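Undergrad: my questions concern the predicted model and sequence given below.
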Amino acid sequence: MDSSQSLCCIVVLILFGISIQYQSSASEIDEIQTALLLVNVSEGSAKEIPDTLFGIFFEEINHAGAGGLWAELVSNRDFEFGDSSVPSPWAIIGNNSSVTVSTDLSSCFDRNKVALRVEVLCDNTGANVCPDGGIGVYNPGFWGMNIEQGKSYQLVFYLRSDGPVNLSVALTGSNGLTNLATTPVLVANASNWTKVMVTLEAEGTDPNSRLELRSTTKGVMWFDQVSLMPLDTYNGHGFRKDLFEMLQDLKPAFLRFPGGCFVEGAKLSNAFWWKETIGPWEERPGHFGDVWGYWTDDGLGHFEFLQLAEDLGALPVWVFNSGISHKEQVNTSNISPFVQDVLEGLEFARGASNSTWGSVRAEMGHPESFDLRYVAVGNEDCEKKFPQYKGNYLKFHSAIKEAYPDIKIISNCDGSSKLLDHPADLYDFHIYASANDVFSNASRFNGAPRSGPKAFISEYATKDDAGNGNLLAALAEAGFLIGVEKNSDVIEMASYAPLFVNNNNRRWTPDAIVFTSSQVYGTPSYWMQHFFKESNGATLIDSTLQDNNLSNSLIASAIKWRNETDDNDYIRIKVVNFGNNTVTLNISISGLENSLQPSGATKTILTSSNVMDENAFTYPKKIIPVETMLDKVGENMDVVLLPYSITSIDLLTKSISI
């Protein structure tokens, strides 16, 4: 063998060695890891989970209500907003030679005086003949009105004119060329403000439709409070059905409303004040939500939020302003009017139908009181920059407890590390962080005080590396919620935030539910919450993971719950695999009074091929829970946990000794 051949053999041997070493390393990386989960079903290990633990939080952000859950199709129906920073969506049909449009303060409604003045310069005869179809104004709604063939829409508006009115109202395509529904409006005398109501029956479908008001008769008309509502809202209560059903499917135990920063306002004048949002919708002044930068007509007001909670079978949690905005704070010595306002808001919700404010509720169609048991004094106000908060809080607390001793009061101050220095039934806790931080916060409440007020985790979400709502975020949050379950002796409530986002107006990302005028999908974080909707009122069973190597990537819990559909008892084991390795989990169940049923067991998994995957309108269910039947059920069983996954196992039982 010559030197060149020797060198060649050496190179081959070296490459072969590298290959063997690489294959060995790769096999170690791909090696399936194992872990042991001990589940003890005996009575001594059981703890009751609060029936309020998991709910939802609604804030008017991202056009969640205005242009979202609240089904009003007309944007700026009251003509109260419109300037260079936030222009009005109303637009002219015609040109300057045929029509002029402006606003003035001639409305018949005292609390919203702005009306739209339309002067028709052309006519149906003479030198200046109006174009075919007439001229006027149109409204495109909130990035298009979703008009569907066969459905009915109620149009209501107020009209005044200096002469007889011959008006055509229509629903058309976005360019005004396709006619979906039309009806004439003839008013012989509208010298005084006149309410007009018509029903439009759609003969076509277009998710980007608009409402048109046209005329071919010369003269001046004024319009105000132009409303268009679909007649198929949930229970006739004004909630967009598909979005309502997304909430209903979560089985929320409570509804926190109406915010959030929306409650505070950047300025107190732009905060949410409940009295301005009740009564006939035409008389509500609306307000500019200056934190999130858009106008709301407050059709979705205090009454509607209470109604929404009731329709969902959820307890309402009212967050009210504590006399503090982002830029202002009321001195405690001057807080009494704010306290009185809240007491009256409670009377509106809970008072008898013959009480001062309860009678207003009854006039709105709800003579029975609402089941309001929780109130929160402010939002994120207990900070050094708000020195008036604690003084204000104590005034609210004292007055509310005197009038309604059963109401639970929530403080903004964090009591997770040490007991609060003021009376409270619950304390508010918010967490927005990276996925790793959210997941690691599963143990956040392990050392929380076991006496005193309980936690209300009213806003939790992965923020920094969540994209528009990816699988990574959902896994981190699921791990966090397992920690919430395990600490439910000191945590009474938890809710994700934000709940909704109109895809055309992302003021905050990510969110649980994404929608447009006609579409909706849930992010992985939305579907993650489905794994916990049976936990409210269930029984927490002792569960212990044994594997130190996986302690930073694996977390599990176990509950016993009753299925209302089949009236059977189940053990549910939830496991989050926050790592990139497949894990074989050996589950060992002890303390069973009777054996597990051999059939009826299921396994549900939430995962995807890439941890950064998201759902979208083009693939709305790319990442959703997938349920399969589970074979080989027993007190000792192996379950494969895929990398980056949430796995839920439901085991049917005959009887448990809890």
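TA: Yes, it's here.
Undergrad: now the helices for the stretch 201-350 of the chain?
TA: Here the stretch 201-350 of the chain has its helices, by DSSP state H, counting those that start in this stretch, at 241-248, 261-264, 302-312, 336-350.
Undergrad: give the other helices and strands that the first one contacts.
TA: With contacts taken as 3 or more Cβ pairs under 8 Å, 6 or more residues apart in numbering; DSSP states H and E, helix 241-248 sits against helix 302-312, strand 513-515, strand 520-522. Where you see a C-beta, it was placed from the backbone N, CA and C, and this is true even at glycine.
Undergrad: buried set for it?
TA: Buried residues in helix 241-248, counted by 16 or more other Cβ atoms under 10 Å: 243-244, 246-248.
Undergrad: can you tell me the strand partners of the helix or strand containing Ile555 and which way each runs?
TA: Using DSSP states H and E, the element containing Ile555 is strand 554-563. Using DSSP bridges, the strands paired with strand 554-563 are strand 539-546 (antiparallel), strand 568-577 (antiparallel).
Undergrad: with pLDDT added, can I get the buried residues of helix 241-248 in CSV?
TA: Output for those, formatted as CSV (pLDDT from 0 to 100):
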residue, pLDDT
Leu243, 98
Phe244, 98
Met246, 98
Leu247, 98
Gln248, 98
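Undergrad: which member of those residues is positioned nearest Thr34?
TA: Closest approach to Thr34 among the buried residues of helix 241-248 (Cβ to Cβ): Met246, at 38.2 Å.
Undergrad: report the contact partners of the closest residue to the closest one other than its chain neighbours.
TA: Residue nearest to Met246 in three dimensions, not counting chain neighbours: Ile513, with 5.3 Å by Cβ to Cβ, 6 or more residues apart in numbering. By Cβ atoms under 8 Å, 6 or more residues apart in numbering, the contact list for Ile513 reads 243, 246, 499-501, 520-523, 526.
Undergrad: confidence score at Ile513?
TA: pLDDT recorded at Ile513 is 98.
Undergrad: from Asn62, how far out is it?
TA: 10 Å (Cβ to Cβ, to the nearest Å).
Undergrad: where do the contact lists of these two overlap?
TA: Residues touching both Ile513 and Asn62 (Cβ under 8 Å, 6+ apart) are 500-501.
Undergrad: most neighbours of all the contacts of Ile513, which one?
TA: Using other Cβ atoms under 10 Å as the neighbour test, the contacts of Ile513 are led by Thr523, with 28 neighbours.
Undergrad: where exactly do the helices run in the stretch 351-500 of the chain?
TA: Under DSSP H, counting those that start in this stretch, the stretch 351-500 of the chain gives helices at 358-363, 389-403, 435-440, 471-486.
Undergrad: what is the second one packed up against?
TA: So the one you mean is helix 389-403. Helices and strands touching helix 389-403, by 3+ Cβ pairs under 8 Å, 6+ apart, are helix 336-350, strand 374-377, strand 408-411.
Undergrad: can you lay out those as a markdown table showing mean neighbour count, mean pLDDT and distance to His422?
TA: Shown next, in a markdown table, are the helices and strands packed on helix 389-403 (neighbours: other Cβ atoms under 10 Å; pLDDT from 0 to 100; distance: least, Cβ to Cβ, whole Å):
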| stretch | mean neighbour count | mean pLDDT | distance to His422 |
| --- | --- | --- | --- |
| helix 336-350 | 18 | 98 | 16 |
| strand 374-377 | 24 | 98 | 10 |
| strand 408-411 | 24 | 98 | 7 |
